[in-house]
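> the following comprises the amino acid sequence and a computationally predicted model.
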Amino acid sequence: LNVGGASVRSMSLDERAREVFAAAVGAVQPDSVVRRSLEKSGNRLRVAGQSFDLRHNLHLVGFGKAVLGMAAETERIVGDHLVKGVLSVPHGIQEILRHHGNGQMLLGADTKIEVFEGAKHNLPDANAQKAAKRICELANALTESDLLLVLISGGGSALLPAPVPPISLDEKQDVTRKLAAAGATIQELNTVRRALSLLKGGGLAHCAYPAQVVALILSDVIGDPLDLIASGPTVHSEIQPEEVWAVLERHRLSATLPASVREVLGKAGPQWRRERKQDEGVGHVLNTVIGSNGIALESASRLAREIGLRPVVLSPGVCGDVRSVAHLYGLLARFACAPGASSPDLGTHILQLGPEVGVESWDLCRVMQALSEGCGEGPSATCLLAGGEPTVQLTGKGKGGRNQELALRMGMELSGESLLQDVVFLSGGTDGQDGPTEAAGAVIDGRLRRDAQREGLDPKPFLANNDSFTFFSQLSAGRHLLLPGLTGTNVMDVHLLLLPTSPTTPSP
Ligand SMILES: Nc1ncnc2c1ncn2[C@@H]1O[C@H](COP(=O)(O)OP(=O)(O)OP(=O)(O)O)[C@@H](O)[C@H]1O
Ligand SMILES: O=C(O)[C@H](O)CO
């Protein structure tokens, strides 16, 4: 077998880790997820086991960082059945995609889809509001015989602002920014956004009623919760004012809220919720997740097997502080590489720490079982796959991202134990960008600290200053950085731990 031109046998574990990461990203490219989920045969469109009539009655809207590529592929598939479309996409994205030669992610010259770029710095702005208005108008004009395809991906919340009157865009932006700065989780943030919006929390599906709505969703939230991804514009959610107030109070924002926000929260959401027609059930809406971290891990796992690794999927829901995540992976590496020698406390410690970072006990037990079986004959290494979105507590002023910081912390975890020197770890953002850096993440092995020392670098001060990008740029001329460029998709991060099944003799 040849992968990327190299024979598998001659590939190092570092190279294999990079190939597995590329397979994870490749599986959730906007065009491939749409190709896999939409099937047109004659005048029928099949999606998620359901079939819809195409009679030049198809309309399309989309919002999020990946929907341009999704829309381009949809238009190629449905052809002239598409009547009209409106997209709200990040500022500058068309130019970036053109510049990177990503032609398949761009709309054709004769497209029927109108594109609005907005939401600079991932905050709702006037351009995104204009797009939201157009999307709303398109949906409102639909009839029973129309079909509305809704393309949704991460970043969709900021790209579809429609504040409930009398809330102004500035006021909504202010609340969102303050919540994010206070460290609110995406679940908390979107609980508030839903309550303040005409389109989120099912508002868009309501506008399109009685047309049939089919939403294709590329998930960037752990657990793929339909009501939270891009704040669920096609998922009817009841607003619980107490829940919204609890979030605002937790982040000490309730006392400084604008009067307009108080007024809207006092009425339990926008008027449409209260006047929703009795017959407007959820039957006219089909929501389907077509790309997710779990799907990326499955595909990565298939490639890992093809290139001679033994794949074991841990979880697509890793979250929590990068320090704890690195510690858990360090414990798992020790458990795998010295099974005979590992103390019973190691298993207990793993079971205690896992749930703190979003990994369920049964997944830990299953994985520990698989790791302890992996020490005999067979593939040269086990490839433990996980994904999610850990967090970094920013205390320093350096340049880095959560993936590079996790990789550097893993380097520290693995260094110092000769049995772990051949273990390889990769952490990468599937969007190709880790924090404000040009790298997606980094790949390290258990020799990191020794190599750094040889080059006169000490990782500790870099970690203390959240300066992981500078560290990896200086170490071995940047050889450890993962640099795929912007990928045009986003299903959070992927972590790969490559554990040689028979560790080599420790070098002196
Ligand atoms: N110097 C740094 N070191 C480590 N992490 C950092 C640093 N600067 C920013 N970050 C982290 O980067 C993240 C922001 O970057 P990014 O835009 O890639 O993530 P995001 O907002 O979650 O977007 P997406 O969901 O599109 O990946 C935050 O989690 C932040 O804590
Ligand atoms: O847009 C959003 O709300 C986030 O990216 C989560 O989907």
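Thanks, I have it. Ligands and ions are numbered 1, 2, ... in the order given.

> what residues does the stretch 351-500 of the chain have near ligand 1?
391-392, 394, 398-402, 405, 429, 431, 433-436, 466, 468, 490 (CB under 6 Å from any ligand atom). Yep, even glycine has a C-beta here, placed from its N, CA and C like the rest.

> filter those residues down to the buried ones.
Neighbour-count burial (16 or more other CB atoms under 10 Å) applied to those gives 392, 398-402, 405, 429, 431, 433-435, 466, 468, 490.

> tell me the SS of A23?
helix (DSSP: H, G, I helix; E, B strand; the rest coil).

> kindly report the same for I217.
I217 - assigned by three-state DSSP - is strand.

> and the gap between it and ligand 2?
9 Å (CB to the nearest ligand atom, to the nearest Å).

> so what's that residue up against?
I152, S153, D224, L226, I229, A230, N287, T288, V289, I290, G291 (CB atoms under 8 Å, 6 or more residues apart in numbering).

> the second one pairs with what?
Yep, that's S153 we're talking about. As for beta bridges, S153 partners with L218 under DSSP bridges.

> what is the burial count for it?
31 (other CB atoms under 10 Å).

> so G428 sits in a helix?
No: under the criterion used here (three-state DSSP), G428 is strand, not part of a helix.

> among the buried ones among the residues of the stretch 351-500 of the chain next to ligand 1, which ones are in helices?
R402, E405, S468 (DSSP state H).

> before we move on, the earlier item: ok, so of the buried ones among the residues of the stretch 351-500 of the chain next to ligand 1, who is nearest ligand 2?
N490 (7.9 Å; CB to the nearest ligand atom).

> neighbours of H100, how many?
Neighbour tally, H100, other CB under 10 Å: 14.

> adjust the sequence numbering to begin at 12 for everything that follows.
Got it, the first residue is 12 from now on, which makes the last one we talked about H111.

> please tell me how far the closest residue to V368 other than its chain neighbours sits from ligand 2.
Among residues not flanking V368 along the chain, G331 sits closest, at 3.9 Å (CB to CB, 6 or more residues apart in numbering). Separation of G331 from ligand 2 (CB to the nearest ligand atom): 18 Å.

> how about P176?
Applying CB to the nearest ligand atom to P176 and ligand 2 gives a distance of 22 Å.

> dump the residue contacts of that residue.
Contacts of P176 (CB under 8 Å, 6+ apart): none.

> so it sits in a helix?
No: under three-state DSSP, P176 falls outside any helix and is assigned coil.

> that one and V454, how far apart?
For P176, the distance to V454 (CB to CB, to the nearest Å) stands at 51 Å.

> same check, this time on P495
12 Å.

> and those two? Which one has more around it.
Between P495 and V454, counted using other CB under 10 Å, V454 has the larger neighbour count: 23 against 18.

> the more buried one and L24 touch, don't they?
No: at 9.2 Å, V454 does not count as touching L24 under the criterion of CB atoms under 8 Å.

> now for the two: what residues contact both?
V435.

> what secondary structure does the closest residue to A38 other than its chain neighbours sit in?
Excluding the flanking residues, the one nearest A38 by CB to CB, 6+ apart is S310, at 3.3 Å. Under three-state DSSP, the three-state class of S310 is helix.

> and for S310, the neighbour number?
18.

> now do the buried residues in stretch 475-486.
Here stretch 475-486 shows N476, N477, D478, S479, F480, T481, F482, F483, S484, L486 as buried, counting by 16+ other CB under 10 Å.

> now for those: which two are most distant?
N477 and L486 (16.3 Å; CB to CB).

> wait, what's in contact with the residue of the stretch 62-211 of the chain found nearest ligand 1?
Of all residues in the stretch 62-211 of the chain, G165 sits closest to ligand 1, at 5.6 Å by CB to the nearest ligand atom. Applying CB under 8 Å, 6+ apart to G165 gives the contacts G75, K76, A77, L229, S230, D231, V232, I240, A241, N501.

> quick check: closest non-adjacent residue to it.
That would be D231: by CB to CB, 6+ apart, it lies 3.0 Å from G165.

> which among the contacts of I228 end up buried?
I163, S164, D235, L237, I240, A241, N298, V300, I301, G302.

> out of those residues, flag the one nearest to Q61.
Looking across these and measuring by CB to CB, the closest to Q61 is N298, at 11.5 Å.

> burial count for the spatially closest residue to L276 that is not a sequence neighbour?
What sits nearest to L276 in space, not counting adjacent residues and going by CB to CB, 6+ apart, is P252, at 5.5 Å. Per other CB under 10 Å, the neighbour tally for P252 reads 14.

> and if you look at the one 5 residues further on?
A count of neighbours around A257, defined by other CB under 10 Å, yields 14.

> hang on, it in a strand?
No: counting by three-state DSSP, A257 is not part of a strand but helix.

> ignoring the adjacent residues along the chain, who's closest to E155?
E155's closest residue in space is P221 (CB to CB, 6+ apart), at 4.5 Å.

> isn't that neighbour right next to L158, touching?
No: counting by CB under 8 Å, P221 does not reach L158; the two are 11.6 Å apart.

> more neighbours: the two, which one.
Neighbours were counted for P221 and for L158 using other CB under 10 Å; L158 has more, 22 against 14.

> phi, psi for that one please.
Main-chain dihedrals, L158, degrees, to the nearest 10: phi -120, psi 130.

> R316 now?
phi -60, psi -40.

> coming back round to it: among the contacts of I228, which lie within strands?
I163, S164, N298, T299, V300, I301, G302 (DSSP state E).

> for the fourth one, what are its contacts?
Translated: T299. S48, V58, A59, V225, A226, L227, I228.

> same check, this time on the second one
Contacts were defined as CB under 8 Å, 6+ apart; by that measure S164 touches 41, 73-78, 81, 228-229, 231, 241, 500-501.

> quick check: it vs ligand 2, distance?
For S164, the distance to ligand 2 - CB to the nearest ligand atom - is 8 Å.

> isn't the residue nearest to L276 up against V203?
No: shown here, P252 and V203 do not form a contact pair, counting by CB under 8 Å, at 11.0 Å.

> and the next helix or strand past whichever strand or helix holds R321?
Element membership for R321 (DSSP states H and E) is strand 320-329. Per DSSP H and E, the first helix or strand lying C-terminal to strand 320-329 is helix 333-348.

> pull the CA atoms of that following helix into PDB?
Only the C-alpha atoms of helix 333-348 are listed here, as PDB (Å, rounded to 0.1, in the frame of the first residue of the first chain):
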ATOM      1  CA  VAL A 333      -5.800  20.900  28.500                       C
ATOM      2  CA  ARG A 334      -3.700  20.100  31.600                       C
ATOM      3  CA  SER A 335      -6.100  17.400  32.700                       C
ATOM      4  CA  VAL A 336      -6.500  16.100  29.100                       C
ATOM      5  CA  ALA A 337      -2.700  15.800  28.800                       C
ATOM      6  CA  HIS A 338      -2.500  14.000  32.100                       C
ATOM      7  CA  LEU A 339      -5.200  11.500  31.100                       C
ATOM      8  CA  TYR A 340      -3.400  10.700  27.800                       C
ATOM      9  CA  GLY A 341      -0.100  10.400  29.700                       C
ATOM     10  CA  LEU A 342      -1.700   7.800  32.100                       C
ATOM     11  CA  LEU A 343      -3.200   5.900  29.100                       C
ATOM     12  CA  ALA A 344       0.200   5.800  27.400                       C
ATOM     13  CA  ARG A 345       1.800   4.400  30.600                       C
ATOM     14  CA  PHE A 346      -1.000   1.900  30.900                       C
ATOM     15  CA  ALA A 347      -0.500   0.800  27.300                       C
ATOM     16  CA  CYS A 348       3.300   0.700  27.300                       C
END
